[in-house]
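> 3D, please:
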Amino acid sequence: MELKNYFINSEIEGKEVDPGVFRKVLAHHDNLMICELEFQTGAIGKLHSHPHEQITYIISGKFEFEIDGVKRILVAGDTTYKQPNVVHGAVCLEHGKLVDIFTPAREDFLK
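From the prediction side, this is the model:
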């Protein structure tokens, strides 16, 4: 992957990845990636799993997360950790933004 040091949010186009869910891939390289996601109220991040470790930071809004069968309501300032291959997803209860951090980088997001 080409090395790049600066990623200007206003220059990055968001992509609708599910109905009402928009993702921007921000800073990334082979072993680390950060993404910003905006969810409209009622939008669903479908249950899924992947081999990457993931941390999510809630910037704004209200979300019901499910991780490994356990559901919790999270709001701004809360965080989650998802170990590799754990089943997880979220429902947006109030319009909001999240930051997802992955290791290694999600190459599938760059295609």
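> you'd agree Pro104 is up against Leu32?
Yes. Counting by C-beta atoms under 8 Å, Pro104 does reach Leu32; the two are 7.2 Å apart. For every residue, glycine as well, the C-beta is placed using N, CA and C.
> for the spatially most central residue of the chain, helix, strand, or coil?
Note on the chain: the residue nearest the mean C-alpha position is Asp100, at 3.7 Å, using C-alpha atoms, centre = their mean. Three-state call for Asp100 (DSSP: H, G, I helix; E, B strand; the rest coil): strand.
> Isn't it up against Cys35?
Yes. Under the criterion of C-beta under 8 Å, Asp100 makes contact with Cys35 at 4.6 Å.
> and the host helix or strand of Gly96, which strands flank it?
Element membership of Gly96 [criterion: DSSP states H and E] is strand 88-103. In the sheet, strand 88-103 lines up against strand 32-39 (antiparallel), strand 44-48 (antiparallel), strand 53-67 (antiparallel) (DSSP bridges).
> Can you give the distance of that strand from its chain's centre?
How far strand 88-103 lies from its chain's middle: 5 Å, per C-alpha atoms, centre = their mean, to the nearest Å.
> same thing with stretch 102-111?
With C-alpha atoms, centre = their mean, you get 11 Å for stretch 102-111.
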